[in-house]
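Visitor: Model the following, please.
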Amino acid sequence: MEQPPRKKRGMNMTQARSSALGLFRNRFVQVILLSGFLLQIGIWVRNYSILLYVTDMTEGSKVAVSLISVAEFLPIFVFSFIGGTFADRWLPKRTMIWCDFLSAVSIFTVLLTLHYGSWKAIFFVTFVSSILSQFSQPSGLKLFKLHVPEEFLQTGMSAYQTLFAIFMVLGPGIGTVVYSHLGIQFAIAITGFMFLLSAGALLFLPADRVQGERGESHVWTEMKAGFGYVLGSRLLSRLGGSFFFAGLGIGLIQPLAIFLITDRLGLPKERLSWLLTVNGIAMLIGGGLAIAFASKISPQKLLALGTVVSAVAIFVCGLSTSFPLTMVAQFFSGLVGPFIQIGINTMVLRNTEEAFVGRVNGILNPLFMGAMVITMTLGGWLAGLFELTPVYLLSALLLLVSAFILVPLFRMREEQEEPAVREPA
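Guide: Predicted structure coming up:
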């Protein structure tokens, strides 16, 4: 008797390996991983070169260094939902190619400005690339939805997240070496070249599918439909609430890691690099584990597991006065980091119609980032008022609330989730 498609989830290990090999034979997966690899080289060379360059030019001005983060994160608030809406209207392959190409053009333009004009134009590189990524990233998710079979989505997301984890370990070193040995102009040129290579790689993606007529709907109408779609979906609305509390918790301690080393543990600030290295290596291992067990655990459980373990790790970091114990906690925090990202992306893709992928991503992302920025501004003040331990305990509590919001989703099957709102005619 023929089994229904959803039974495929119960794979044994041999079948899981076979499915993973089949996934990596997929032309879309090969191209998107190659593009991601090239972009990560460019992004890390850009980020660390600009950080070190601005530090050198301003003699370590905290305001100037903070402006780099503003240039990176501000476009997420302003353009994330707008970019997601247009990503739903435009052809995704073409959108991604143009975004990488225009990023490269902006980078080479700034290179000329650095040579002939003011060094302050360097902020423009990060700002423009961040804007364009708000159009490119949701287009990439749409292509995952189109070209990766549903049973392979979680494995595909695991592989993509593992690529990010690799560069969390290697990226800072690559960026630092390039800037130290070649200088800012060569570093920016390498960044632009990598974006051009990525655009070239994306030309080998499967051709865009011609979309049907969209009628007379306007951008504003489609934006409202996107909000209605999320609010009409029990899973997506709960995921949004979970995003918000997770952002509050993570943002609260985001700027405090250096003080965990110097104040809580009484060690030199250079020891922070040890924690970051352990965290990055653990992320790489976590990504590998996610690939290996992608067919055996639902994305809801993967996300909840990652959130709960992160909460426990933060709790331990807040109480610990032992550097080895803090290192262990950081390892487990890094280990489950990929679980959170993979679980989120898989749930969004499995439970969102193709026509709404960009807008859903554009709504959920700012929820997380906005909450994180709110508490980032409060973290230092609260740590000065109450010291570090209560702030870390509050962060752990907020992450537990985030996980608790997901509990009702364990009783849902993703296939049964039907959005309440449809694409406008």
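
Visitor: any weak-confidence spans in the stretch 201-350 of the chain?
Guide: 210-217 (pLDDT under 70).

Visitor: hmm, try it at 90
Guide: Counting by pLDDT under 90, the stretch 201-350 of the chain contains low-confidence ranges at 207-227, 230-231, 234-235, 243, 246-247, 250-281, 283-284, 287-304, 337-350.

Visitor: And the helices in the chain?
Guide: Secondary structure of the chain by DSSP state H: the helices cover 13-24, 27-58, 62-89, 92-116, 122-147, 153-202, 219-231, 234-253, 257-259, 272-292, 299-319, 323-350, 357-386, 388-406.

Visitor: which one of those helices lies closest to residue 208?
Guide: Among the helices of the chain, the nearest to residue 208 by C-beta to C-beta is helix 92-116 (4.6 Å). Glycine gets a C-beta too; all of them are placed from N, C-alpha and C.

Visitor: Buried residues, the closest one. List them.
Guide: 92-93, 95-104, 106-108, 110-111, 113-114 (16 or more other C-beta atoms under 10 Å).

Visitor: Which elements pack onto that helix?
Guide: helix 27-58, helix 122-147, helix 153-202 (3 or more C-beta pairs under 8 Å, 6 or more residues apart in numbering; DSSP states H and E).

Visitor: Mind doing that once more with 7 Å?
Guide: helix 122-147, helix 153-202 (3 or more C-beta pairs under 7 Å, 6 or more residues apart in numbering; DSSP states H and E).

Visitor: Rebuild the ones you listed as a markdown table, extending it with distance to residue 283.
Guide: A markdown table is the format used below for those (distance: least, C-beta to C-beta, whole Å):
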| stretch | distance to residue 283 |
| --- | --- |
| helix 122-147 | 19 |
| helix 153-202 | 4 |
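
Visitor: deepest of those, which one?
Guide: helix 122-147 (a mean of 22; mean count of other C-beta atoms under 10 Å).

Visitor: From the contact counts, what lies against that helix?
Guide: helix 27-58, helix 62-89, helix 92-116, helix 153-202, helix 323-350, helix 357-386.

Visitor: list the helices and strands the fourth one packs on?
Guide: Under the contact criterion of 3+ C-beta pairs under 7 Å, 6+ apart, the helices and strands touching helix 153-202 comprise helix 13-24, helix 27-58, helix 92-116, helix 122-147, helix 272-292, helix 323-350.

Visitor: Which among the ones you listed is found nearest to residue 70?
Guide: When these are compared for distance to residue 70 using C-beta to C-beta, the nearest one is helix 122-147, at 8.5 Å.

Visitor: ok so, going back, so which of the helices and strands packed on helix 92-116 gets nearest residue 376?
Guide: So among the helices and strands packed on helix 92-116, helix 122-147 is nearest, using C-beta to C-beta, at 16.9 Å.

Visitor: Can you give the distance of that closest one from its chain's centre?
Guide: Its chain's average C-alpha position is 11 Å from that of helix 122-147, according to C-alpha atoms, centre = their mean, to the nearest Å.

Visitor: ok and it relative to helix 323-350, angle-wise?
Guide: 60 degrees (axes from the mean of the first three to the mean of the last three C-alpha atoms, to 10 degrees).

Visitor: now the angle between helix 27-58 and helix 122-147, please.
Guide: Using the same axes, to 10 degrees: helix 122-147 against helix 27-58 is 170 degrees.

Visitor: Let me see the mean pLDDT of helix 122-147.
Guide: Regarding helix 122-147, the rounded mean pLDDT is 90.

Visitor: what angle do that helix and helix 357-386 make?
Guide: Using the same axes, to 10 degrees: helix 122-147 against helix 357-386 is 130 degrees.

Visitor: Neighbours of residue 409, how many?
Guide: 23 (other C-beta atoms under 10 Å).

Visitor: thought it was touching residue 234?
Guide: No - assessed by C-beta atoms under 7 Å, residue 409 is found out of contact with residue 234, at 8.0 Å.

Visitor: who's in contact with the closest residue to residue 136 other than its chain neighbours?
Guide: Excluding the flanking residues, the one nearest residue 136 by C-beta to C-beta, 6 or more residues apart in numbering is residue 99, at 3.8 Å. By C-beta atoms under 7 Å, 6 or more residues apart in numbering, the contact set of residue 99 is 132, 135, 136.

Visitor: Nearest the geometric middle of this protein, what residue?
Guide: With distances taken as C-alpha atoms, centre = their mean, residue 341 lies nearest the centre of the chain, 6.8 Å away.

Visitor: Let me know the pLDDT of the residue nearest to that one when sequence neighbours are not counted.
Guide: Nearest non-adjacent residue to residue 341, counting by C-beta to C-beta, 6+ apart: residue 161, 5.1 Å away. For residue 161, the pLDDT comes out at 79.

Visitor: For the remainder of this discussion, apply numbering that starts at 27.
Guide: Noted, 27 is the first residue going forward, which turns the last one into residue 187.

Visitor: can I assume residue 187 is in contact with residue 364?
Guide: Yes - Residue 187 lies in contact with residue 364 (C-beta under 7 Å); the separation is 4.5 Å.

Visitor: okay, and the common contacts of these two?
Guide: Shared contacts of residue 187 and residue 364 (C-beta under 7 Å, 6+ apart): 313, 316.

Visitor: who touches stretch 368-387?
Guide: Contacts for stretch 368-387 (C-beta under 7 Å, 6+ apart): 107, 110-111, 113-114, 164, 167-168, 170-172, 176, 179-180, 183-184, 187, 252, 255-256, 259, 261-262, 265, 316, 325-326, 328-329, 332, 390, 440, 443, 445, 449.
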